[in-house]
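[1] Okay, sequence plus prediction incoming.
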Amino acid sequence: MIELKNVTKEYDLPPGQSGQLVATDRLTLDVPDGEVFGLVGPNGAGKSTTLKMICGLILPTAGHITVNGVDVETDPEGAQQHIGYLADFFSVYDELKVWEYVDYFAHAYKLPPETISARVREVIVQMGLESKYDANVAGLSRGMKQRLGIARAIIHDPPLLVLDEPASGLDPKARLELKDLLRAMNRAGKTIFITSHVLPDLEEICTSLAILEKGKLLRHGKISDVMRSAGQTRRVRLRQATVEFALGPWLATQPNVSDVQQNAAITEFIFPGSDAELAALIREAILAGSPICGVEEKTDSLEELFARLSTGEVM
Amino acid sequence: MIFSNPELVRNVRTQLRPGKMVTAAVISIALSLVAGYALTHISAPATGPMGWGFGLLRGLFWLQALILAAGGGISCVNAIYKEKDQNTFDYQRVTRLSPLELTLGKLFGAPIFIYFICLCFVPLVIFAAVKGQQSFTFVLAAYAVLIIGSIAFHTLALLISLLTVRGSHTTAIIFVLILLWLFSNIFVLTANYLYLAPLSPFYSADVASQQRSNYLRTSLSKDLVFGHPVHHVFVLIIIDGLLTAWFLLALSRNIKRDPDQYELYSPLETFALAICINVILLAFVNWSADLINVQATLLTINISILSFLGLAQLRNRDRTRRILRTQKKSPISWIDLSWPAPFLFITALTACALVFAAAAIARNPLMEWSPVFAIFRFLFITAWLVRDMQFLQWMTLRRGKRPLVAGVMFLTAFYACVGIVLSAFGTFRDVDNLPFSAFFLPTPIYYLDPAAWATRPAIWGAAFVAQWLVVALFILAQRKTIIELAHPTTPDSETLNAD
């Protein structure tokens, strides 16, 4: 659906600083149809710049971008008809009514005139704004305005949604609703390209992701592949029924075991071995006298993975 | 169809809510009734050139021109700037509206409330026309002038809105109002040398308040196009229409572009525009007037036009970087290294050649005219223009917040300081010293004739050569920046916030 080839975008550094700012540095990325693709990175990583280049709003310094096979630079309008875009700020026309706002974009996207009225109503209902159909946009809550923004982005039924921090500023309930909405749209066949600072949310809805820092792609691919390629290690947590047996010191003497931490009945350690080797280790511990009554495996969350990969920029 | 343009419809929905319309209509009708009542009770007759019917008609058209041009102009300046400011412009840019559709929607949509206010005055206009026994053809012609003149001005205001950057909104509005003043007076200032009546919407007041018998006799009613009398209303409609078309071209070329890559016109279009304006000017020149002054007027107008077009051709860092990276030429071409000097040189020279050719053909043969000095003057002006534009290009390529603005400020300060110093030494008063000032200022070139040349030919020549040396100096200065921009940044280069 989206193809970026050696996309570079350079800006000037602010006055007084020498050198150039590389928002994206020879970025090459392929987002297949039907994916929910998350772009993760700290502030200043080049996420919004990448999204704007995909939408044809800014031109790359070098490189090529195609959306659904259409070159964004040579045929921006052709590419834009395949894209529904939502920026990272709430901006709507406060003077219009909800239906007028959606109707404006329906006409601007040149939907067949005879279908516009029905489509406007359909999208407003889909976004759960039917009770506000005739209300002024100015009176909507932030969450509702965000829904209205998504209504605008999907009015022309584009196969690709490009969303920049769509959950930003939303309360937990609105965020939950947004996630459901995005899942539903993905099920309906839409490819979603999304950036967010809320990594747990991304982890829940994304099928693939890319990690961007200082304009460079650190990792990209299916979430599980990214986790694996990042050298994710197995962290095991054992719970004992009683604390008489010193499980921590015992584990520290075992091969393949590292970073042992014991806190009363709970002992955690890193074990890179296979499942069978872990089973053997637990059997040994029980035979040695440990009253193990619970085993839990902890995997890195996206947040932890990002914290490890990132070089310390603020999220 | 313009009436189904989504951007126009959005503006109608936003600005013409029933409550707002009723308020505007009530105020306008109340004003009309008060004015009508007051005028019917004064002693002058309603008919005739001095009667209140004509007076009211003139006043109404003047008022409508003010409301439509100034009010509509300000609405147009706000149109794109505000969309950018409230972050809604990008959403319009990604729709399937073509650039021209979006431009036209804004052009007619942004001042829609102002049009409505003018519409509220129409009943009073009809009343005044009936009372003043004015022909409705004149009223219609006045409205044509009013609307076409206003549309031309609105298009220019919309173009300014597109180019307005954050923080300079008030400056843009003041600039538009100054332009309106210039637009209304420029042809009054040049009335002795051009057979062309004013082109502004305010001319509608003259059309509406003239009696048929008088109007056709007045000098205001007719222009001389290549020596042939043509009704000014037609001339105004054609010239304002042409200006609108050129402004629309710039708008539709850029409205959906990346703002860092704005290019008002392509070099070829810029060249065509310069020639088009010169042909229009030459069509109206009064060749029977003093030839030196005619040439000076044409030179001054050309300097203004070429300065504007030169500014439009300057390349910022981002554009230069992209041009150099995408063309993949190695080594960098000499045109890129010396831009915009070659382009400006050719355009200025062609414009000057047109003026020269017209002067050679149409001038009064009894008047003294030296073709060699005419050519030298044109070349000198070209050199001076290229020098300043090359300086501004060098400044534009420098790193800074608003390098072009800084460049213009430096240039203004330079001319002000040099002007004061040279005046203090009396350089402008003394014919012997005049050529020395030509090193720094363009004004002495206006006085360059065989007599002035004879005083110090070597200094005049040196001043001319010095202009080109300075051009070469600025080209050399920008060369380093261009080479730096042409090469990709290394992976280890500095990076900062980009989102």
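    Good, I have the coordinates. Numbers count the residues shown, from 1 in each chain, chains lettered A, B, ... in the order given.
[2] max-length helix in the chain?
    If you meant another chain, say so; for now it's chain A. Scanning chain A for the longest helix, with DSSP state H as the assignment, gives helix A:172-187.
[3] meant chain B, my bad for not saying
    Assigned via DSSP H, chain B shows its longest helix as helix B:457-486.
[4] what about the strands in chain B?
    Under the criterion DSSP state E, chain B contains strands at B:222-225, B:228-231.
[5] quick one: buried residues of the last one?
    Using 16 or more other C-beta atoms under 10 Å in any protein chain shown as the test for burial, strand B:228-231 gives B:Val230. Every C-beta, even on glycine, is put in place using the N, C-alpha and C of the backbone.
[6] just to revisit the earlier point, just send the strands of chain B back as CSV, with distance to B:Leu179 and mean pLDDT too.
    Output for those, formatted as CSV (distance: least, C-beta to C-beta, whole Å; pLDDT from 0 to 100):
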stretch, distance to B:Leu179, mean pLDDT
strand B:222-225, 22, 79
strand B:228-231, 26, 86
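[7] Take those strands and lay them out in TSV including distance to chain A.
    Formatted as TSV, the strands of chain B follow (distance: least, C-beta to the nearest C-beta, whole Å):
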stretch	distance to chain A
strand B:222-225	41
strand B:228-231	41
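[8] Can you lay out these as TSV showing distance to B:Asp432?
    Listed next are these as TSV, based on distance: least, C-beta to C-beta, whole Å:
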stretch	distance to B:Asp432
strand B:222-225	41
strand B:228-231	46
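[9] between those strands, which one is nearest to B:Ala283?
    Among those, strand B:222-225 comes nearest to B:Ala283, with 5.0 Å by C-beta to C-beta.
[10] what residues does the closest one touch?
    Contact partners of strand B:222-225, identified using C-beta atoms under 8 Å, 6 or more residues apart in numbering or on different chains, comprise B:Tyr195, B:Leu196, B:Ala197, B:Pro229, B:Val230, B:His231, B:His232, B:Val235, B:Ala283, B:Phe284, B:Asn286.
[11] For it, list the C-alpha coordinates in PDB.
    C-alpha atoms of strand B:222-225 as PDB (Å, rounded to 0.1, in the frame of the first residue of the first chain):
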ATOM      1  CA  LYS B 222     -11.500  56.900 -23.600                       C
ATOM      2  CA  ASP B 223      -7.900  55.400 -23.700                       C
ATOM      3  CA  LEU B 224      -5.700  55.500 -26.700                       C
ATOM      4  CA  VAL B 225      -4.500  52.000 -27.500                       C
END
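[12] and of the strands of chain B, who's closest to B:Leu264?
    Nearest of the strands of chain B (C-beta to C-beta): strand B:222-225, 28.2 Å.
[13] Of the strands of chain B, which is nearest A:Leu217?
    strand B:222-225 (63.9 Å).
[14] Pairing partners for that closest one, with directions?
    Each strand paired with strand B:222-225, and its direction, by DSSP bridges: strand B:228-231 (antiparallel).
[15] got the residues of the stretch 101-250 of chain A near chain B?
    A:Tyr104, A:Phe105, A:His107, A:Ala108, A:Tyr109, A:Lys110, A:Arg152, A:His156, A:Lys214, A:Gly215, A:Lys216 (C-beta under 8 Å from any C-beta of the partner chain).
[16] most surrounded residue in the residues you listed?
    Of all those, the most densely surrounded is A:Gly215 (28 neighbours; neighbours counted as other C-beta atoms under 10 Å in any protein chain shown).
[17] The longest helix of chain A: how far from the chain's middle?
    13 Å (C-alpha atoms, centre = their mean, to the nearest Å).
[18] Report all helices and strands that the helix or strand following it contacts.
    Counting by DSSP states H and E, the element after helix A:172-187 in chain order, helix or strand, is strand A:191-195. Judged by 3 or more C-beta pairs under 8 Å, 6 or more residues apart in numbering or on different chains; DSSP states H and E, the packing partners of strand A:191-195 are strand A:36-40, helix A:47-54, strand A:160-164, helix A:172-187.
[19] Including mean neighbour count and mean pLDDT, could these go into TSV?
    Putting these into TSV (neighbours: other C-beta atoms under 10 Å in any protein chain shown; pLDDT from 0 to 100) gives the following:
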stretch	mean neighbour count	mean pLDDT
strand A:36-40	26	91
helix A:47-54	26	92
strand A:160-164	23	93
helix A:172-187	15	86
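[20] out of these, nearest to B:Asn316?
    Among the helices and strands packed on strand A:191-195, helix A:47-54 sits nearest to B:Asn316 (C-beta to C-beta), with 17.6 Å.
[21] Might you list the low-confidence residue ranges for chain A?
    Counting by pLDDT under 70, chain A has low-confidence residues at A:15-19, A:228-233, A:299-300, A:308-315.
[22] centroid residue for it?
    With distances taken as C-alpha atoms, centre = their mean, the residue of chain A nearest its centroid is A:Gly38 (3.2 Å).
[23] about what we covered before: show me the residues of the stretch 101-250 of chain A next to chain B that map onto strands.
    A:Lys216.
[24] got the contact list for A:Ala307?
    With C-beta under 8 Å, 6+ apart, A:Ala307 has no contacts at all.
[25] Number of residues surrounding the residue of the stretch 151-300 of chain B found nearest chain A?
    The minimum distance from the stretch 151-300 of chain B to chain A, using C-beta to the nearest C-beta, falls at B:Asp258 (4.6 Å). Neighbourhood size, B:Asp258 [other C-beta under 10 Å]: 19.
[26] Tell me how far A:Met53 lies from A:Leu212.
    13 Å (C-beta to C-beta, to the nearest Å).
[27] Repeat that for B:Leu102.
    From B:Leu102 to A:Leu212 the distance is 32 Å (C-beta to C-beta).
[28] just A:Lys173 next, same as before
    In terms of C-beta to C-beta, A:Lys173 sits 30 Å off from A:Leu212.
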